[in-house]
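# Below is the sequence, then the predicted model.
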Amino acid sequence: MIDIHSHIMPEIDDGARSLEEAVAMAELAAADGIEQMVSTPHMFNGLSHNPGPSEILDRVSKLQNAVGSTLKIVPGNEVHVSHEIAEQVKSRRVTLINNLNYILIEFPQLTVPIGADDLFYKLQLQNIYPILVHPERNAQIQARPSIVAGFVERGVFIQVTAMSVTGEFGPTAKTCANSLLRHNCVHFLATDTHRPLRRPPVLSKGRNAAAQVIGEEAARKLVYDNPLAVVNGEHFAVEPPIPYGTATTGKRSFLARFFR
């Protein structure tokens with residue numbers, strides 16, 4: 001498996017508190033079957049000092065040396081959504097996944113920001129592919145999951161937290177995550193790990209829970225095939241979202257038309 005969202009980098013945000021804790025997280029991840037993990041410290045949400053790409057690369061190198069061959073560490077960021085995000089990317093203030101062409105975007109916990117579509121579109125104009133992280137934990141989306149289907153139709157990729165699918169983030173997040181899975185609105189599962197014990201780097205439980213909803217082959221794509229394409233900066237085929245409240249129409253989505 002490949003984990004595209006983690007806070008394994010030590011002493012930088014609310015994730016690993018020490019190098020020793022980060023190494024312990026890497027060992028747990030490897031034992032779970034994770035081969036690569038993208039280190040995605042927070043940017044622009046007040047939980048870190050907003051490290052630039054050069055600092056991220058330096059920290060990843062030091063962490064990789066400490067981890068050894070147990071787990072491959074890949075650079076990245078989890079960027080809090082803002083109206084300046086396209087300019088921040090253009091001026092190279094954020095770290096794209098593996099310094100290529102995908103970026104993790106985080107919404108506030110309660111609401112979907114006004115103008116989010118426009119912000120995503122400005123990134124796409126730069127040939128940057130936005131991945132919206134853990135929407136199933138957003139209160140407005142929990143009340144109306146169809147919001148996510150609209151984003152997917154407009155070329156946004158979706159990452160759901162493994163612990164949401166297993167119910168460890170509560171029944172509301174699980175219900176929303178399962179709804180998104182059933183409507184072809186999930187492209188990645190990730191751990192969003194923060195600590196060895198609290199929010200641990202375990203992906204297999206989420207994959208197995210997702211397989212109960214969408215089948216084993218589709219669940220595997222969420223933890224290996226699709227993440228592998230991301231860390232390599234490649235396109236990958238996705239199924240169009242199933243519209244909420246209607247039967248499948250057979251209409252091809254933006255992603256299906258573009259990538260296939």
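Cool, the structure landed. Numbers count the residues shown, from 1 in each chain.
# use CA for all of it now, contacts and neighbours both
Will do.
# what about the strands in the stretch 1-150 of the chain?
Secondary structure of the stretch 1-150 of the chain (DSSP state E, counting those that start in this stretch): strands at 2-6, 36-39, 42-43, 72-75, 78-80, 102-106, 129-133.
# Of those, which is nearest L222?
Of all the strands of the stretch 1-150 of the chain, it is strand 2-6 that lies closest to L222, at 9.1 Å by CA to CA.
# how far does that closest one sit from the chain's center?
Here the centre of strand 2-6 is set off from its chain's centre by 7 Å, with CA atoms, centre = their mean, to the nearest Å.
# now the angle between strand 129-133 and it, please.
Per axes from the mean of the first three to the mean of the last three CA atoms, to 10 degrees, the angle that strand 2-6 makes with strand 129-133 is 70 degrees.
# Let me see the residues that make contact with strand 2-6.
Under the contact criterion CA atoms under 8 Å, 6 or more residues apart in numbering, strand 2-6 has outside partners 34-41, 78, 189-194, 201, 203, 223-224, 227-228.
# now swap in stretch 226-233 and tell me
For stretch 226-233, contacts defined as CA under 8 Å, 6+ apart pick out 2-4, 74, 97-98, 100-102, 187-188, 221, 235-236.
# let's go with 6 Å and repeat that
2, 98, 100-101 (CA atoms under 6 Å, 6 or more residues apart in numbering).
# Please tell me which one of the residues you listed counts the most neighbours.
I2 (26 neighbours; other CA atoms under 10 Å).
# How about it: what's its closest non-neighbour residue?
Spatial nearest neighbour of I2, chain neighbours left out: Q36 (4.9 Å); criterion: CA to CA, 6 or more residues apart in numbering.
# The one you found is in contact with T70, isn't it?
No: Q36 is not in contact with T70 according to CA atoms under 6 Å; the separation is 9.4 Å.
# okay, the two: which has more neighbours?
Set Q36 next to T70 and count neighbours by other CA under 10 Å: Q36 wins out with 22 against 18.
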